[in-house]
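Participant: Here is a sequence together with a model predicted from it:
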Amino acid sequence: MNERFEMCNDLFEPVTAVNANNEVIYFNQAFLTIFKLTPRKLKKISIIDLFDGIGETLEGIIKNVREEKSVHISEELTFTFNDSVYTIVCRAFWANEYVVLTFNDLSVEKTLFEKYKQQLEQLKASHNQVVQADKLRVIGELTAGVSHEINNPLTVACGNTEILGFMLDNPDLNSVKNEISTCIENIDESHKRIQTIISNMKEFLHTKDEENKEYCSINELIQKSLTFVEKIYEEKKVDLEFNDNKRTIVGWVNKGKLEQVIINLLQNSLDAVSEGVSKPKVSISLEKSSDDNQIHLTVNDNGPGIKDDNIERIFDTFYTTKEAGKGTGLGLSISKRIMEAHQGDLEYIQGKKGACFRVSLPVVEVSSFAGNNAFLGKIDASDGVRVLVVDNDVQVLNLCHKFFEDTKFHFIGSTSADDAIALLKKVDVDIIITDIKMPDIDGPNMISRVRKSNEKVKVFYLSSKENMEMFNKDKDKLKLDGFIIKPFTKEEFLSPLEKVNVG
């Protein structure tokens, strides 16, 4: 018998052969090491009894091989022997009157993978703690400005409360009714202002859902970041300017983390110009790149700039040019990693004067698709149904993206018909869903342009019921496939798409 299987003796892969009763009649040394048994104890033992937990599965595999005289390869199987857990893949084949089984032992790889996974989780947790510590540092440095922001509306509220007390002593309250209403409005306005400041701070320090991204206006995110630093800028008499071109630019970002990056850059620029600079100024600008593929957010100051010797190291962890106790060396390194996690970058732009840092983000159409686990450079090659949703309301895009989770659809979002048309020249999509009324170019005009070069793409209008007449008017002319009525549920949104044949 051993002569027949002699070629298997030197294999590193465990091999065994069983007879018609499923008894072990041959095994090599590699098989012996799995069970750590002597050859005498393995002889004539049932293969089913050896593999605790997967005996029935092996019995079924062996039976199929005998009946069909074929080869069978199992899925990953896990069993326990002597309190040790093993993961194997079994290959069984017919050899005259015997069934030969070979085992690919994946136990070591599984163990290493689990350890790697645990270490990765620990590393991720440590990184999040460092990021959170940096947030607390920023809040600590801006406390004076935030306190001033709260004190102002609080003073207004207290003053109006005192005035109300005086007016209540008036026996004829009707005569001061308007003044009372004004005081109440002032107190209410002050309360809302304080609530907004505290809410912004809580959101900034929020630790949950750190990896979640959503559609949001980058313009608004910058304005919100400015509220954290504007008072301390005023106190240090530093001119702070936001060059907003009035064009709303939407990004697919984690709002809290991008806000952290912006505040870090603004704080660094403030430190750079606070001493020894005549007419200190910091400006922040927002625009799209000339090819419309990237969003650029730039923070520039008129300070002394960064010395050539330090430029290569400014993004290194714990490297700082500030005096001891004034800098941790974490802000820029954390900010750069945050941007890289957004498929973007943070870089230092060398100029004639001052320091200039540029945050780069992929445009929303590309970055939203990347969020669906597609490779950035291989967007056309991705499997699944590609759906482009065009709507200038970011909340609608956030909702649609949520609905597409765990479905066969790959979501691409756009807030601009112009940007969507530009994307369609580079990327093939299977379905377009467009809002009807949008600024600049509306839905019907956009689809009219698309149809000149693409007759096959499926198109749905997305609007309120009042625009059904426009859908009926355009249905044949623009070859529309359906109308999704706002507001909609998940089922109402996905059901029409599920019925579309995009083959």
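Facilitator: The structure has been received and is ready for your questions.
Participant: what about the helices in the stretch 251-400 of the chain?
Facilitator: Along the stretch 251-400 of the chain, the stretches classed as helices by DSSP state H, counting those that start in this stretch are 255-273, 308-311, 331-341, 364-370, 394-404.
Participant: Any chance of TSV for those helices, columns mean pLDDT?
Facilitator: Output for those, formatted as TSV (pLDDT from 0 to 100):
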stretch	mean pLDDT
helix 255-273	87
helix 308-311	82
helix 331-341	82
helix 364-370	63
helix 394-404	91
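Participant: Can you say which of those is nearest to Y215?
Facilitator: Evaluated over these, closeness to Y215 peaks at helix 394-404, with 4.0 Å, by Cβ to Cβ. The C-beta positions use only the backbone N, C-alpha and C, and glycine is treated the same way.
Participant: tell me what the closest one is packed against?
Facilitator: With contacts defined as 3 or more Cβ pairs under 8 Å, 6 or more residues apart in numbering; DSSP states H and E, the packing partners of helix 394-404 are strand 214-217, strand 385-390, strand 409-414, helix 490-498.
Participant: Make JSON lines from those and add distance to K110, mean neighbour count and mean pLDDT to it.
Facilitator: Formatted as JSON lines, the helices and strands packed on helix 394-404 follow (distance: least, Cβ to Cβ, whole Å; neighbours: other Cβ atoms under 10 Å; pLDDT from 0 to 100):
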{"stretch": "strand 214-217", "distance to K110": "36", "mean neighbour count": "20", "mean pLDDT": "90"}
{"stretch": "strand 385-390", "distance to K110": "34", "mean neighbour count": "24", "mean pLDDT": "93"}
{"stretch": "strand 409-414", "distance to K110": "31", "mean neighbour count": "25", "mean pLDDT": "90"}
{"stretch": "helix 490-498", "distance to K110": "37", "mean neighbour count": "15", "mean pLDDT": "93"}
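Participant: For this protein, which element, helix or strand, carries the lowest mean pLDDT?
Facilitator: For the chain, scoring each helix and strand by mean pLDDT, DSSP states H and E identifies helix 364-370 as the least confident one, at a mean of 63.
Participant: what sits up against stretch 43-51?
Facilitator: 16, 18, 21-25, 35, 55-56, 58-59, 62, 77, 79, 81, 101 (Cβ atoms under 8 Å, 6 or more residues apart in numbering).
Participant: Would you mind checking the residues you listed for buried ones?
Facilitator: Buried by 16 or more other Cβ atoms under 10 Å: T16, V18, N22, V24, I25, F35, G55, L58, I62, L77, F79, L101, out of those.
Participant: Now the two most distant members of those residues.
Facilitator: I25 and L77 (21.8 Å).
Participant: Next one: N310 from P304, what distance?
Facilitator: 11 Å (Cβ to Cβ, to the nearest Å).
Participant: about what we covered before: now the helices and strands packed on helix 394-404 as CSV including distance to Q118?
Facilitator: Shown next, in CSV, are these (distance: least, Cβ to Cβ, whole Å):
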stretch, distance to Q118
strand 214-217, 30
strand 385-390, 36
strand 409-414, 31
helix 490-498, 35
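Participant: Quick check: bridge partners of V15?
Facilitator: Beta-bridge partners for V15, by DSSP bridges, are T102.
Participant: My guess is it contacts F31. True?
Facilitator: Yes. V15 is within contact range of F31, at 5.9 Å (criterion: Cβ atoms under 8 Å).
Participant: So which of the two has more stuff around it?
Facilitator: More crowded of V15 and F31, by other Cβ atoms under 10 Å: F31, with 23 against 20.
Participant: you'd agree the more buried one is up against A17?
Facilitator: No. F31 lies out of contact with A17 (Cβ under 8 Å); the separation is 10.0 Å.
Participant: Name the residues of the strand or helix carrying K231 that are buried.
Facilitator: Per DSSP states H and E: K231 is located in helix 218-235. Buried positions in helix 218-235, judged by neighbour count with 16+ other Cβ under 10 Å: I218, N219, L221, I222, K224, S225, L226, F228, V229, K231, I232, Y233.
Participant: any idea how far K257 is from the third one?
Facilitator: When distance is defined by Cβ to Cβ, L221 is 11 Å away from K257.
Participant: Against V429, how distant is K456?
Facilitator: 11 Å.
Participant: I meant P39, not that one.
Facilitator: P39 sits 64 Å away from V429, going by Cβ to Cβ.
Participant: S448 now?
Facilitator: For S448 relative to V429 (Cβ to Cβ), the value is 17 Å.
Participant: between the two, who's got more neighbours?
Facilitator: Applying other Cβ under 10 Å to S448 and V429 shows that V429 carries more neighbours, namely 22 against 14.
Participant: three-state assignment of that one?
Facilitator: coil (DSSP: H, G, I helix; E, B strand; the rest coil).
Participant: Likewise for the one 3 residues further on?
Facilitator: Recorded secondary structure, I432: strand (three-state DSSP).
Participant: I'd say it and V390 touch.
Facilitator: Yes. In terms of Cβ under 8 Å, I432 counts as a neighbour of V390; the distance is 7.0 Å.
Participant: tell me, what's touching the two both at once?
Facilitator: Listed as contacting both I432 and V390 by Cβ under 8 Å, 6+ apart are A420.
Participant: quick one, what contacts the closest residue to F27 other than its chain neighbours?
Facilitator: In this structure, F27 finds its nearest non-sequential neighbour in T16, 4.4 Å apart by Cβ to Cβ, 6 or more residues apart in numbering. Counting by Cβ under 8 Å, 6+ apart, T16 makes contact with V24, Y26, F27, N28, F31, I47, V100, L101, F103.
Participant: Okay, the fourth one and W94: tell me how far apart.
Facilitator: Here the distance between N28 and W94 works out to 19 Å (Cβ to Cβ).
Participant: Ok, the third one next?
Facilitator: When distance is defined by Cβ to Cβ, F27 is 18 Å away from W94.
Participant: I figured I311 hits A355, correct?
Facilitator: No. Look at I311 against A355 with Cβ under 8 Å: they stay out of range, at 10.0 Å.
Participant: can I see the domain layout of the protein?
Facilitator: As assigned by automatic domain parsing, the chain contains the domains 6-105, 213-362, 373-498.
Participant: for the stretch 101-250 of the chain, which spans come out with low pLDDT?
Facilitator: By pLDDT under 70, the low-scoring segments of the stretch 101-250 of the chain are 123-149, 151-152, 196-211.
Participant: ok, which stretches of it are strands?
Facilitator: Along the stretch 101-250 of the chain, counting by DSSP state E, counting those that start in this stretch, strands occupy 214-217, 239-243, 250-253.
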